[in-house]
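Asks: I would like the atomic coordinates for the input below:
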Amino acid sequence: MINQNPIFIPGPTNIPDILRKAVDMPTIDHRSPLFGDILRPAREGAMRVLKTTQAEVFVFPSTGTGGWEVAIANVLSPGDGVLATRNGMFSHRWIDMCCRHGLDVQVVEQPWGEGIPADRFEEILAADRNHSIKVVLATHNETATGVRSDIAAVRRALDAARHPALLFVDGVSSIGCMDFRMDEWRVDVAVAGSQKGFMLPPGLAIVAFSPRAAQAAEHARLPRTFFDIRDMRGSYGNGRFPYTPPVGLLNGLRVASDLLLAEGLETVFARHHRIAEGVRRAVAAWGLTICAARPELYSDTVTAIRLPDGVDADRFVGHAQDAYGVAFGTGLGQLAGKVFRIGHLGSLTDVMALSGIATAEMVLADLGVPIALGSGVAAAQEYYRKGSTKARLAA
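Replies: Below you'll find the predicted structure:
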């Protein structure tokens with residue numbers, strides 16, 4: 001039997017039926033005008049979700065990790081300087097990729113649970129008088145820890161230091177869920193994936209380049225073939241791909257962008273915040289703590305929850321799946337075995353979130369964690385009742 005329970009991992013996310021149907025389409029000739037009628041609105045819709053009128057959007061058959069490589073391979077040359085914070089597993093992996101590409105990476109270490117220290121970035125950039133740092137990497141939402149960093153503050157740090165470095169942002173678990181302002185924040189490369197806020201299966205890396213970043217791509221010397229934006233741009237002009245495209249996924253991106261825009265981006269962001277806050281109130285009712293160090297760092301797409309000493313978080317995740325058929329996220333890296341993660345992003349409602357909270361309570365009780373069954377559910381219900389537009393109208 002196919003499991004009908006929603007998943008509560010931080011991605012891939014639940015897929016609405018309308019998007020399943022959009023992806024499930026007959027084969028077409030991808031060199032015909034039919035493909036251009038899918039590709040063009042898919043890219044235009046992604047631009048609107050990113051809140052940009054200036055950037056070029058490139059869509060590659062890949063994942064967010066491939067999107068990172070698109071960013072660095074198209075803009076940088078061997079030995080170029082990169083500034084980054086390591087504050088979780090995904091920021092670590094992007095740093096590791098830069099190192100493997102022969103870049104000179106300066107890493108600001110942060111405890112896992114903290115965000116990007118914009119003030120420290122400003123100091124480092126101001127001291128870089130030769131402008132050897134070519135790119136600043138920023139992970140908007142660290143999926144391993146449930147920490148959202150302030151990208152506007154990072155941009156202000158660059159401006160205050162009067163530094164010309166480009167700003168690259170990993171928005172894989174934030175774009176389409178939390179406010180992202182590519183033009184306003186002057187982000188030079190933004191990376192997203194199909195499997196999170198866009199509510200699609202994995203398989204698309206969605207990467208937007210500002211005019212500055214696109215210009216830098218003309219002189220970059222890192223190797224690139226499959227991920228070359230110049231080849232992609234040349235094919236886009238004819239409504240094509242430089243190689244065989246994932247037509248169904250691109251059609252899904254077209255429909256997903258329409259869904260998000262029809263709901264209204266600000267409404268989408270408010271929905272994610274409301275669901276996330278209900279989860280956080282449930283965690284407080286259980287007497288447990290959140291990995292993110294302070295409320296201003298709380299993510300609206302994933303909450304990493306610390307378990308008491310002696311309680312194995314991997315066992316929690318395994319028991320949830322085996323006993324109740326519900327998937328939660330495991331802890332990664334230095335948080336492995338210490339936290340479990342509730343993903344609350346994409347196609348999710350208050351009612352769906354309550355089912356995840358209730359399941360987590362049963363698992364905690366099964367593992368001997370001293371909680372009162374129903375306490376977290378009640379805390380979330382109280383918040384959702386007050387936060388729901390329909391509930392307020394009914395009152």
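
Asks: Which strand or helix spans residue 105?
Replies: strand 104-109 (DSSP states H and E).

Asks: buried stuff in that strand?
Replies: 105, 107 (16 or more other CB atoms under 10 Å). C-beta here means a position set from N, CA and C on the backbone, and glycine is covered the same way.

Asks: contacts for it?
Replies: With contact meaning CB atoms under 8 Å, 6 or more residues apart in numbering, strand 104-109 is reached by 79-86, 95, 98-99, 117, 120-121, 124, 132-133.

Asks: taking the residues you listed one by one, which sit in helices?
Replies: Counting by DSSP state H, the contacts of strand 104-109 place 95, 98, 99, 120, 121, 124 in helices.

Asks: any idea which of those residues is the one closest to residue 369?
Replies: Distance ranking of these against residue 369, using CB to CB, places residue 95 first at 34.7 Å.

Asks: show me the contacts for the closest one.
Replies: Contacts of residue 95 (CB under 8 Å, 6+ apart): 84, 86, 105, 107, 137.

Asks: what do you get if the cut-off is 10 Å, keeping everything else the same?
Replies: When contacts are counted by CB atoms under 10 Å, 6 or more residues apart in numbering, residue 95 is found next to 68, 82, 84, 85, 86, 103, 105, 106, 107, 137, 139.

Asks: Same question for residue 7.
Replies: Residue 7 makes contacts with 13, 14, 15, 326, 327, 328, 329, 343, 346, 348, 352, 356, as judged by CB under 10 Å, 6+ apart.

Asks: Make JSON lines from these and add secondary structure and pLDDT to it.
Replies: What follows is the contacts of residue 7, written out as JSON lines (DSSP: H, G, I helix; E, B strand; the rest coil; pLDDT from 0 to 100):
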{"residue": "13", "secondary structure": "coil", "pLDDT": "97"}
{"residue": "14", "secondary structure": "coil", "pLDDT": "97"}
{"residue": "15", "secondary structure": "coil", "pLDDT": "97"}
{"residue": "326", "secondary structure": "coil", "pLDDT": "98"}
{"residue": "327", "secondary structure": "coil", "pLDDT": "98"}
{"residue": "328", "secondary structure": "strand", "pLDDT": "98"}
{"residue": "329", "secondary structure": "strand", "pLDDT": "98"}
{"residue": "343", "secondary structure": "strand", "pLDDT": "98"}
{"residue": "346", "secondary structure": "coil", "pLDDT": "97"}
{"residue": "348", "secondary structure": "coil", "pLDDT": "97"}
{"residue": "352", "secondary structure": "helix", "pLDDT": "98"}
{"residue": "356", "secondary structure": "helix", "pLDDT": "98"}
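
Asks: Please pick the buried ones from those.
Replies: 13, 14, 15, 326, 327, 328, 329, 343, 346, 348, 352, 356.

Asks: tell me which of these is nearest to residue 55?
Replies: residue 346 (23.0 Å).

Asks: helix, strand or coil for residue 168?
Replies: Here residue 168 is recorded as strand under DSSP: H, G, I helix; E, B strand; the rest coil.

Asks: now it: how far from residue 285?
Replies: Counting by CB to CB, to the nearest Å, the separation of residue 168 from residue 285 is 39 Å.

Asks: Same drill for those two, tell me which one is more crowded.
Replies: residue 168 (26 against 20; other CB atoms under 10 Å).
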